[in-house]
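Colleague: just the structure for this:
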Amino acid sequence: MSTQRMTFAKAINAGLRAALERDPKVLLMGEDIGALGGVFRVTDGLAKDFGTDRVVDTPLAESGIVGTAIGLALRGYRPVCEIQFDGFIFPAFDQITTQLSKMHYRSRGRLNLPVVIRVPFGGGIGAVEHHSESPEVLFAHTAGLRVVSPSDPQDAYTMIQQAVASPDPVMFFEPKGRYWEKGDVDTDADPLAADSVLDGARVLRPGTDVTLVAHGPTVATALRVAEAAAAEGRSVEVVDLRTISPLDITTVAESVRRTGRCVVVHEAPVLYGTGAEVAARVTEECFYHLEAPVLRVGGFHTPYPVAKLEHEYLPGLDRVLDAVDRVLAA
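Modeller: Residues are numbered from 1 along each chain as shown. Model (predicted):
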């Protein structure tokens, strides 16, 4: 096994490079992804190595990017689109939710649209609104889309390649606040030969007292919470959802049946968020095992605040620990 230490962004870059090498029908599209390598340099070097016919700088037109990708997919290509920032995705919302998500169903299964839409999302970079949003639940609510979010470099490397190889449209939400964090990545293993992780949650840290469910950028927060709780004698099990749609409720429910308590954390506003769906499904599946109500911790029901206030808006260590304390006291 060849393990390399790399950043989250570099792991995605390596995964895209492997996908481009594997299949000549794979191409990348997005604003400034070519010569510049993207605003976060995730696609750095790919245009130089694969050419501007396969790593395409597009106009500033998200609807046009996704619409073009749909046409390319119908012609047998596998486009990977980058939306430069999460809040810029809404001009493409119509194309994604009324065309991309429905074509397979509309054609009675005769047509597939293997399009990946990469979305750097979430806060933690000191940016303004439209640059720090978490719109994943809007797409999870739309049937016909896979909605996934890796939480570490290894999963980023594996999941981006599995997303490109999938016959389904995939919304690939990348926690941009974690782009520069490093981890070990096994680049020798064939991610397409392994079991798919696009629809499977995983237990990252076992525990006995509380199940803490997270995805994307909040997984690292959940692990910090588990460490802090352990120092106080409490055992927190951390579950990384990996995928928001389809939701792997089986893994979550198995954990909650063991612990009897559940807290869900995400950066998006709590109201109508992913946590609401998880809480409802856990209540349905685990009602007689629950020792306390399922609690949710997330952003507030406001537009994303100015940079100096984002630490108050985002679910940090203290707020999540408080929720753990409350479910244990119930």
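Colleague: skipping adjacent residues, who's closest to Arg296 in space?
Modeller: Spatially, and ignoring its direct neighbours in sequence, Arg296 is nearest to Gly275 (3.7 Å; Cβ to Cβ, 6 or more residues apart in numbering). Quick note: C-beta positions are derived from backbone N, CA and C, even for glycine.
Colleague: assign the one you found to helix, strand or coil.
Modeller: Three-state call for Gly275 (DSSP: H, G, I helix; E, B strand; the rest coil): helix.
Colleague: residues near it, how many?
Modeller: For Gly275, the count of nearby residues is 26 (other Cβ atoms under 10 Å).
Colleague: for Ile249, same thing?
Modeller: Neighbours of Ile249 using other Cβ under 10 Å come to 19.
Colleague: list the contacts for the nearest residue to it once chain neighbours are set aside?
Modeller: Spatial nearest neighbour of Ile249, chain neighbours left out: Arg281 (4.7 Å); criterion: Cβ to Cβ, 6+ apart. By Cβ atoms under 8 Å, 6 or more residues apart in numbering, the contact list for Arg281 reads 247, 249, 252-253.
Colleague: and whichever strand or helix holds Arg281, which residues are buried?
Modeller: Here Arg281, judged by DSSP states H and E, is contained in helix 274-286. The neighbour-count check on helix 274-286 (16 or more other Cβ atoms under 10 Å) flags 274-279, 281-282, 285-286 as buried.
Colleague: ok, now stretch 43-56?
Modeller: Neighbour count says stretch 43-56 has 43-44, 46-47, 50, 54-56 buried, by 16+ other Cβ under 10 Å.
Colleague: quick check: pLDDT value at His311.
Modeller: Per-residue pLDDT puts His311 at 92.
Colleague: what separation is there between it and Gly122?
Modeller: 13 Å (Cβ to Cβ, to the nearest Å).
Colleague: still on that earlier bit, between the contacts of Arg281, which has the most around it?
Modeller: Val252 (23 neighbours).
Colleague: C-terminal to whichever strand or helix holds that residue, what's the next element?
Modeller: Using DSSP H and E, the element containing Val252 is helix 249-259. Counting by DSSP H and E, the element after helix 249-259 in chain order, helix or strand, is strand 262-269.
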